[in-house]
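Enquirer: sequence first, predicted coordinates after that:
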Amino acid sequence: MEKRESLGSRLGFIMLSVGCAVGLGNVWRFPYVAGAYGGGIFVLLYLLFLLLLGFPILTMELAVGRAGGANLIGCMRNLAGNSRRWVIPVKICFFGNLLLMMYYTVISGWLFAYVRYYIDGSMMQCGTAAEISGKFGSLVSSPWSSGGYMLLVVTAGVVMCSGGLQKSVEKSVKVMMFLLFLLIAILAGYALSTPGAAQGMSFYLKPDWKAFSGDIGATVFAAMGQAFFTLSIGVGSMAIFGSYIGRERRLAGESVLIIALDTLIAFFAGVIIFPICFSYGVDVGSGPSLIFESLPNIFAHMHGGRWWGMVFFIFLALAALTTVVAVFENLIAFLIDEMKLKRRTASVLTGIAVAVLSLPCVFGFNLWKEFQPLGKETNVLDLEDFIMSQNLLPLGALVTVLFCTSRWQLFINESNFGNGMKFPEKLYFYCKYILPVIVLVIFIWGYVQFFK
């Protein structure tokens, strides 16, 4: 039997974990949600909930991975003695990784399309907001264009994962994360030089207590939800990286470092977007269209806009691709561990499965646009995201919390083995009785907001 692969360095583990956490939730969703809920007060609440939610659950998922030494399903089988009570819900939640890729690769493909539009200059030929919206509309309405870019993303994921954990996955993500930080620095420097930088940063960082008092509940739950979803916890995406590392370092300190880097990127995404929006009079709470329509409209009218647009969308595409590679690795590890396949075979099979299963999301904007599963003006992507974000992520996190608190000493021993920051044992009551309630509240609130 082949020896299980491991990561070559602590840096590789941190970069892979951050790469998994960093994605569209940071650089796309975070800025427009912050804009919609009052800027600074939302950011403060977000940081609070990262501490209350993200830190303990991330540490638990890493501990399950390192103690179990396998993919999430294998870990639960190894640690719970094949108990159906734990293995069955984990199996359901684990396949959220596949569901996530069924629409994430499509959105990532759109980002790569925009990179091309700025490189070849075709986006700059759109002189009006209507033409820019039409550019996005023509992309998603064509199954060939949208599907082609999705296949490009899938192929990139397969190529990077098939060459080996250390030789290909770890090295590729290190390079992409280095480029990501470099592009953040360049874009943030430019954004802070724009005329509306002071106003934008004031909105972003100065708490607006009047806006907060207008709808306290909505702001609190928006910050809670963003903090919960940003770290990709709940479906074993982090557990797999825990299974690839040694026991030299305690896991609480690693969790803090991952959360800090993830938050840093989300924070600087806001530093990039808010000053630009305030400089050019764009509504910062305009929702998902902020990225694909509002900001391209800004780039179309600014000096050097073609090149700034190109750098911005390369930044977004890299952030998305790091998540794709990390989640692909989770799926590939499942095939290697459970079906004893070679890495290259597992990578190709994962790519084929993801490509085929992503087609409904592609078709949801064109051939199947009459299918509106969640009501008027919804599509397949909305359905898939609802199942993933509002169901599998919170329920998977709940299973992880309940499992670790039911075996508290095992969790403490694993997380506190090695050097570095210890996980506080005194948090038992909070983790056992309060944290599950918070996760359930997020789950229920998602349904309340949906039906509302």
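Expert: Now that the structure is in, tell me what you want to look at. What you are looking at is a predicted structure, and each value in this text was computed from that prediction instead of being measured.
Enquirer: how far does the strand or helix carrying Phe49 sit from its chain's centre?
Expert: Assigned by DSSP states H and E, Phe49 belongs to helix 40-49. How far helix 40-49 lies from its chain's middle: 18 Å, per Cα atoms, centre = their mean, to the nearest Å.
Enquirer: so which bits of that helix are buried?
Expert: Across helix 40-49, burial judged by 16 or more other Cβ atoms under 10 Å covers 40-43, 45-47, 49. C-beta: built from backbone N, CA, C; applies to glycine.
Enquirer: so which other helices or strands are in contact with it?
Expert: Contact here means 3 or more Cβ pairs under 8 Å, 6 or more residues apart in numbering; DSSP states H and E; on that basis helix 40-49 packs against helix 30-36, helix 197-205, helix 209-214, helix 216-229, helix 251-279.
Enquirer: and after it, which helix or strand comes next?
Expert: helix 55-68.
Enquirer: could you give the angle of that following helix to helix 251-279?
Expert: If you take axes from the mean of the first three to the mean of the last three Cα atoms, to 10 degrees, helix 55-68 sits at 130 degrees to helix 251-279.
Enquirer: which residues touch the residue nearest to Val27 when sequence neighbours are not counted?
Expert: With Cβ to Cβ, 6 or more residues apart in numbering as the criterion, Val27 has its nearest non-adjacent residue at 4.3 Å, and that residue is Ala269. Counting by Cβ atoms under 8 Å, 6 or more residues apart in numbering, Ala269 makes contact with 26-28, 30-31, 184.
Enquirer: ditto for Trp86
Expert: By Cβ under 8 Å, 6+ apart, the residues touching Trp86 are 76, 80, 399, 403.
Enquirer: secondary structure element for the third one, which one?
Expert: Element membership of Val399, judged by DSSP H and E, is helix 393-406.
Enquirer: cool, the first one as well?
Expert: Of the helices and strands defined by DSSP H and E, Met76 is found in helix 72-80.
Enquirer: how about stretch 268-282: buried residues?
Expert: Using 16+ other Cβ under 10 Å as the test for burial, stretch 268-282 gives 268-280, 282.
Enquirer: quick one: which of the residues you listed is nearest Ala300?
Expert: Distance to Ala300, by Cβ to Cβ, is smallest for Tyr280 among the buried residues of stretch 268-282, at 10.2 Å.
Enquirer: grab the nearest non-local neighbour of the closest one.
Expert: That would be Ile298: by Cβ to Cβ, 6+ apart, it lies 4.5 Å from Tyr280.
Enquirer: distance check, Phe274 against Glu377.
Expert: Phe274 sits 28 Å away from Glu377, going by Cβ to Cβ, to the nearest Å.
Enquirer: and which of the contacts of Ala269 is nearest Ser17?
Expert: Nearest to Ser17 out of those is Asn26 (Cβ to Cβ; 13.6 Å).
Enquirer: what about that closest one, neighbour count?
Expert: Asn26: 25 surrounding residues under other Cβ atoms under 10 Å.
Enquirer: secondary structure class for it?
Expert: The local conformation at Asn26, judged by DSSP: H, G, I helix; E, B strand; the rest coil, is helix.
Enquirer: hang on, isn't it packed against Gly270?
Expert: No. Counting by Cβ atoms under 8 Å, Asn26 does not reach Gly270; the two are 9.7 Å apart.
Enquirer: how about Leu45, what does it touch?
Expert: Counting by Cβ under 8 Å, 6+ apart, Leu45 touches 219-220, 223-224.
Enquirer: let's see it at 10 Å
Expert: Contacts for Leu45 (Cβ atoms under 10 Å, 6 or more residues apart in numbering) come out as 37-38, 207, 212, 219-224, 226-227.
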